[in-house]
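Q: Take this sequence and fold it.
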Amino acid sequence: MRVSAHQNNYNISTIITSSPQTYRRTNNSYQSIFKLKLQSVFIFNLFFVISKTDFEIDFSRWGFVFMLCLVVFDAIEDNHMTSNQFELGFTPFPSFKFLNSDSALGFLNFAKMQRVRVSSQQVPVQKLGDSQMTLSPKFKLASIQSRLLDPLLESELNLQGDPLIPGLPDDIALTCLLRLPVTTHPATRAVCKRWYQLFCNKERFFTKRNEMGFQDPWLFVFSFHKCTGKIQWHVLDLTHFSWHTIPPMPCVDKVCPHGLRCVSFPSNGSLFVCGGIIFDADCPLNVVMKFDIKKNHWTIMKKMITARSFFASGVINEKIYVAGGNSTDLFELNSGEVMDPKNGIWHPIANMRTNMAVYDAAVLNGKLLVTEGWFWPFYVVPRGQIYDPKTDNWENMADGLREGWTGSSVVIYGHLFVVTEHERTKLKVYDMNSDTWKPVDGPPLPDKICKPFSVNCYGSFIYVVGRNLHVAVGRILNVHGRDKSPGFLVEWEVVEAPDGLGNLTPSSAQILFG
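A: Residues are numbered from 1 along each chain as shown. Just a heads-up that it's a prediction; the model follows:
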């Protein structure tokens, strides 16, 4: 059972301050700064002591760094530090020795007892979010001329006069600081000048993370307001379960959120938004926009050959494929095209065997699977097509596959899973050998997650975003039955969205690493 960071509010100062007179000062600013520095070094010394012990705990190493963030929050909220000290980075700091291992293990035992107390609570569906949390400030775009490569800022960050964290080499300190959650940046950049240079903009922060090889998952949710129709992106940090916003898409016209399609390159930290249709107008679009998590910036790419909406999309061999959809006058298309993000140029591919708008699509075994889905009153069996980029050829979809495809899909363990919109919202998986769909063991989707859904996955986890942007996190377990046939089990947890995200309906969900 995972526990959100906000559930464990450890007050580090109550543990280490056995004699408050040792660092009490008449000057409140000096006292707060000294307290912050003392707590910082204490935590990072614990990091080293614990890394050298065999004591097994359920804390990751950077968990202690996150507790440092809580300490920084306390210090900033006390309003004892002056703006001049923040700007100049001047902090009087007396020398002291490392703490011994006995003190560290004492704190460790205390922390473990606290965790057991919290984790012992049993609930049917684990809630990971906090409905009272607020959105973090928007990821600020850099100025028109990016300051990321400013040699003056780079030299200030690399100054050797003042260490990033007293008592630690700068390379280790930078590794620790780059693990701090984005929500802590407004506070952490006020600690000193070098910290400010690191946290002053997200472009610099994520570029440094990329250079150091950090790959944390982020869930990007494209949504719209059910009353105003306003479209917007929100981002869920899947490590700390906190919500953020990004700059709006550079859309000139008001677009229908359901008509466009989104694809992503998770390891590269980039997503693409293609096509769409202008709201209240029969005018499909051929625009393509790219968002880069490292630059926190939208870029207009080269247009598609054909304007289309409600079409299939997928990524195969690092290339974007689109097919079908609607043209003007709701005319269904059979054309398709492919784009290599390296050059941004679109090329046509073979036409589908039939014209159709697309309900859902997936990439399985290197092929693009396209289905138009069921339509009321269900008199006509839905059509489906499969595209093989190796042969540039389309073929008809198997009957069982297209008839049982009744929801949004993801591919996990090389199998196609669908979150059904009916059938008690159960998860089911397609068996290619028998051309049938089989239910996945485990409970149905939690009641908190309401239709319409947006679905995505990474690893063995499936993420289902429902109305008001509540998120169900499902862990798919690969199990075997008594006859040794493959089977699957799902376990659900819920991340409740903050109240500020009410009235939002998801249209797409994408996973990026950054």
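
Q: what about the strands in the stretch 101-250 of the chain?
A: 126-127, 217-225, 231-237, 242-245 (DSSP state E, counting those that start in this stretch).

Q: Nearest to Phe513, out of the ones you listed?
A: Distance to Phe513, taken as CB to CB, is lowest for strand 217-225 among the strands of the stretch 101-250 of the chain, at 5.8 Å. Just so you know, the C-beta spots here come from the backbone N, C-alpha and C atoms, and that holds for glycine as well.

Q: pLDDT weak spots in this protein?
A: For the chain, applying pLDDT under 70 flags the ranges 1-161, 376-377, 423, 481-485.

Q: Is Ser267 in a helix, a strand, or coil?
A: helix (DSSP: H, G, I helix; E, B strand; the rest coil).

Q: and the nearest residue to it once chain neighbours are set aside, what does it touch?
A: Counting by CB to CB, 6 or more residues apart in numbering, Ser267 lies nearest to Phe513, which is 5.9 Å off, once chain neighbours are set aside. If a contact means CB atoms under 8 Å, 6 or more residues apart in numbering, then Phe513 has 215-218, 266-267, 269, 293 as its contacts.

Q: now Gly275
A: 259-261, 284-288, 304, 307-309, 311, 322, 325.

Q: could you redo the last one with a cut-off of 7 Å?
A: Taking CB atoms under 7 Å, 6 or more residues apart in numbering as the criterion, Gly275 is in contact with 260-261, 284-286, 304, 307-309, 311.

Q: May I see those residues arranged in CSV, with neighbour count, secondary structure and distance to Tyr379 as well?
A: Shown next, in CSV, are those (neighbours: other CB atoms under 10 Å; DSSP: H, G, I helix; E, B strand; the rest coil; distance: CB to CB, whole Å):
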residue, neighbour count, secondary structure, distance to Tyr379
Leu260, 28, coil, 29
Arg261, 24, strand, 27
Pro284, 26, strand, 27
Leu285, 22, coil, 32
Asn286, 17, coil, 33
Met304, 20, coil, 33
Ala307, 19, coil, 30
Arg308, 32, coil, 26
Ser309, 28, strand, 25
Phe311, 29, coil, 24
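
Q: would you list those residues in TSV and tack on distance to Val429?
A: TSV is the format used below for these (distance: CB to CB, whole Å):
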residue	distance to Val429
Leu260	28
Arg261	24
Pro284	34
Leu285	35
Asn286	35
Met304	33
Ala307	36
Arg308	30
Ser309	30
Phe311	26
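
Q: ok so, going back, report the buried members of the contacts of Phe513.
A: If you count burial by 16 or more other CB atoms under 10 Å, the buried members of the contacts of Phe513 come out as 217-218, 266, 269, 293.

Q: out of those residues, which one sits closest to His480?
A: Nearest to His480 among those is Pro217, at 28.1 Å by CB to CB.

Q: Wait, that closest one touches Tyr458, no?
A: Yes: proximity of Pro217 to Tyr458 meets the contact threshold set by CB atoms under 7 Å, at 5.9 Å.

Q: Spell out which residues are contacts of both of the two.
A: Common neighbours of Pro217 and Tyr458 (CB under 7 Å, 6+ apart) are Ile511.

Q: My guess is Glu203 contacts Asp292. True?
A: No: Glu203 is beyond contact range of Asp292, at 9.3 Å (criterion: CB under 7 Å).

Q: Show me which of the two is the more surrounded one.
A: Counted by other CB atoms under 10 Å, Glu203 and Asp292 do not tie: Glu203 has more neighbours, with 22 against 17.

Q: how close does that one get to Pro250?
A: The gap separating Glu203 from Pro250 is 17 Å, by CB to CB, to the nearest Å.

Q: again, but for Val363
A: 28 Å.

Q: When these two are compared, which one has more neighbours?
A: More crowded of Val363 and Pro250, by other CB under 10 Å: Val363, with 19 against 10.

Q: who's in contact with the helix or strand encompassing Val418?
A: Using DSSP states H and E, Val418 falls within strand 415-420. When contacts are defined by CB under 7 Å, 6+ apart, strand 415-420 is touched by residues 362, 364, 405-410, 425-430, 445, 453, 455, 462, 464.

Q: now do 6 Å
A: Strand 415-420 has contacts (CB atoms under 6 Å, 6 or more residues apart in numbering) with 362, 364, 406-410, 426-430, 453, 455, 464.

Q: where along the stretch 151-300 of the chain do the helices fall?
A: Per DSSP state H, counting those that start in this stretch, the stretch 151-300 of the chain carries helices over the ranges 151-157, 170-177, 185-188, 193-199, 202-212.

Q: Turn those helices into a markdown table, columns for distance to Ala398.
A: As requested, the helices of the stretch 151-300 of the chain are exported to a markdown table (distance: least, CB to CB, whole Å):
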| stretch | distance to Ala398 |
| --- | --- |
| helix 151-157 | 57 |
| helix 170-177 | 50 |
| helix 185-188 | 50 |
| helix 193-199 | 53 |
| helix 202-212 | 42 |
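
Q: Pick the most deeply packed of those helices.
A: Highest mean neighbour count of the helices of the stretch 151-300 of the chain: helix 193-199, a mean of 21 (counted as mean count of other CB atoms under 10 Å).

Q: list the helices and strands that one packs on?
A: Secondary-structure packing of helix 193-199 (3 or more CB pairs under 6 Å, 6 or more residues apart in numbering; DSSP states H and E): helix 151-157, helix 185-188.

Q: So which elements touch the last one?
A: What that stands for is helix 185-188. If you count contacts as 3+ CB pairs under 6 Å, 6+ apart, helix 185-188 packs onto helix 62-77, helix 193-199.

Q: so Arg402 touches Val381, yeah?
A: No: using CB atoms under 6 Å, Arg402 is not in contact with Val381; the gap is 7.3 Å.
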